[in-house]
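Next one to model:
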Amino acid sequence: MMYSPRWKKVAIIATVGSLSLAGCANNATGNTTAASTSSAAGSAPAAAGSAPAASGSDAGLTIMVGGMSKQIYLPYMLAKQLGYYQKAGLNLTLIDEPAGGDATTNMLAGQVQGVGGFYDHTIVLQGRGKAAESVVSMLQNPGEVELCRSDLKGQINSPADFKGRSLGITDTGSSTDFLTQYITHKAGVDPAATTRRGVGAGQTFLAAMKQKAIDCGMTTEPTVSQALSTGIAFILLDMRTSAGAQSVLGGEYPATSLYMPTDYVNSHKDTVQKLVNAYVATLKWIQAHNGTQIADVMPASYYAGVGKTAYAKALDSEKGIFNPTGMMPATGPTTILNVLSAFNPAVKGKTIDLSKTFTDEFVKAATPLA
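Numbers count the residues shown, from 1 in each chain. Below you'll find the predicted structure:
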């Protein structure tokens with residue numbers, strides 16, 4: 001099986017003896033433009049704290065991220081910018097894929113070794129007879145926001161008003177698809193009575209709203225700030241805080257994680273440990289810095305659409321979504337199982353062993369990067 005045609009390579013990181021970038025101009029929309037190694041190296045921001053790669057680098061490791069410029073996936077590029085992949089001794093390729101469902105498909109096909117996406121996919125995969133597990137939890141809450149068009153204010157007051165509406169999601173099978181179906185079902189509306197449309201994030205999402213192709217849609221920062229600043233949308237549901245996630249989903253909902261096929265994890269423990277070392281260090285760095293300091297490290301293209309000040313402000317307002325330790329939140333898997341069991345045919349009525357959908361083994365063994 002070949003890669004989904006929509007993804008493009010965005011960075012080759014931390015090669016032995018040098019830092020080699022196959023980057024892109026990522027325009028804060030979730031879309032990327034491929035560039036040659038030489039041009040990317042000349043235009044991409046230098047990685048902060050870069051150092052010669054450690055000996056024994058792992059070759060051929062590829063991680064696909066479900067929308068790299070979204071703030072909910074910040075740790076993946078931030079780890080690169082901080083030089084942590086290099087320090088961990090990794091030869092890593094990051095690939096941007098706007099939809100988590102497509103990233104998971106590529107992982108199952110063996111095209112990539114892991115996915116930067118929502119942990120809930122591992123539960124769905126188990127329900128389909130596939131074995132994958134999260135090796136580090138990066139978000140304690142989903143950071144998702146349900147926006148509706150401003151001209152519909154007063155007509156749509158809750159998901160109970162979704163019947164007959166067109167709802168924007170990243171793509172079919174994505175976590176925004178899962179969550180949209182859940183909030184619709186929870187409000188007493190059959191998801192089949194709505195039209196769910198894959199509109200991506202950033203400019204494609206905003207265009208769908210402006211053109212009235214969708215009535216409401218689920219997205220994250222920095223798209224949320226862009227939509228609100230232009231006045232085209234209002235917030236219907238906000239899951240950027242623990243209180244918001246509790247209200248909408250019934251508990252903490254650990255979202256962004258690095259998940260990998262269980263067979264790969266078991267047969268490449270040294271490589272997985274190096275990855276987790278890099279991400280645990282990144283999560284700790286986030287906790288010690290504010291939005292402006294984080295924005296200063298990120299590529300300028302990541303906040304080009306909304307502006308650096310607004311990007312930093314959004315980071316400050318939702319900083320609590322980031323997991324400070326990388327450990328799986330204690331009640332999170334149960335909350336997600338309850339959500340998916342309400343509507344998802346791959347999970348509903350199935351016996352799911354949550355202990356096999358994640359592991360804290362590598363986070364517990366994580367060592368500081370020199």
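
right, and Gly143 touches Glu221 too?
Yes - the pair formed by Gly143 and Glu221 meets the contact definition of CB atoms under 8 Å, at 6.9 Å. From N, CA and C alone the C-beta is placed, and that goes for glycine too.

neighbour-wise, which of the two wins?
Higher neighbour count among Gly143 and Glu221: Gly143, with 29 against 26, using other CB atoms under 10 Å.

And what about the more buried one, helix, strand or coil?
coil (DSSP: H, G, I helix; E, B strand; the rest coil).

per-residue confidence for it?
What the model reports for Gly143 is a pLDDT of 94.

How about Asp102?
79.

Let me know the distance separating it from Phe205.
When distance is defined by CB to CB, to the nearest Å, Asp102 is 17 Å away from Phe205.

re earlier: if I look at Gly143 and Glu221, which residues touch both of them?
Common neighbours of Gly143 and Glu221 (criterion: CB atoms under 8 Å, 6 or more residues apart in numbering): Gln71, Ile72, Arg240, Glu318.

just checking, the third one touches Ile321?
It refers to Arg240. Yes - at 6.2 Å, Arg240 counts as touching Ile321 under the criterion of CB under 8 Å.

Now for the two: what residues contact both?
Residues touching both Arg240 and Ile321 (CB under 8 Å, 6+ apart) are Asn141, Gly143.

More neighbours: those two, which one.
Ile321 (29 against 24).

Compute the distance between the more buried one and Met328, please.
Relative to Met328, and taking CB to CB, Ile321 is found at 15 Å.

distance from the centroid: which residue in the chain tops it?
Taking CA atoms, centre = their mean, the residue of the chain most remote from its mean C-alpha position is Gly154, at 31.5 Å.

name the element that residue belongs to?
Taking DSSP states H and E as the definition, one finds Gly154 inside no helix or strand.

got it, and Thr104?
Per DSSP H and E: Thr104 is located in helix 100-108.

Dump the helix or strand following that helix to CSV, restricted to CA.
Where DSSP H and E defines the elements, the next helix or strand beyond helix 100-108 is strand 114-118. Listed next in CSV are the C-alpha coordinates belonging to strand 114-118 (Å, rounded to 0.1, in the frame of the first residue of the first chain):
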residue,chain,number,x,y,z
GLY,A,114,4.5,5.5,14.4
VAL,A,115,1.8,8.2,14.4
GLY,A,116,1.5,11.5,16.2
GLY,A,117,-2.3,11.5,16.8
PHE,A,118,-5.0,11.0,19.3
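
Check which helices and strands the helix or strand that strand 114-118 is followed by sits against.
Proceeding N to C from strand 114-118, the next assigned helix or strand is helix 120-127, under DSSP H and E. If you count contacts as 3 or more CB pairs under 8 Å, 6 or more residues apart in numbering; DSSP states H and E, helix 120-127 packs onto helix 100-108, strand 132-137, helix 175-186, helix 332-341.

between these, which gets nearest to Gly305?
Of all the helices and strands packed on helix 120-127, helix 175-186 sits nearest to Gly305, with 18.9 Å by CB to CB.

what distance separates the closest one from the middle of the whole chain?
Per CA atoms, centre = their mean, to the nearest Å, the displacement of helix 175-186 from the mean C-alpha position of its chain is 17 Å.

Can you tell me which helices and strands the helix or strand just after it packs against?
Sequence order places strand 195-198 as the next helix or strand after helix 175-186, per DSSP H and E. Applying 3+ CB pairs under 8 Å, 6+ apart, one finds that strand 195-198 contacts strand 166-169, helix 175-186.

so which of those gets nearest His121?
helix 175-186 (7.1 Å).

Please list the residues outside the closest one that contact it.
Residues outside helix 175-186 that contact it (CB under 8 Å, 6+ apart) are 66, 100-101, 117-118, 120-121, 124, 142, 144, 146, 159, 162, 167, 169-171, 190-191, 194, 196, 218-219, 237, 248-249, 255, 339-340, 342-344.
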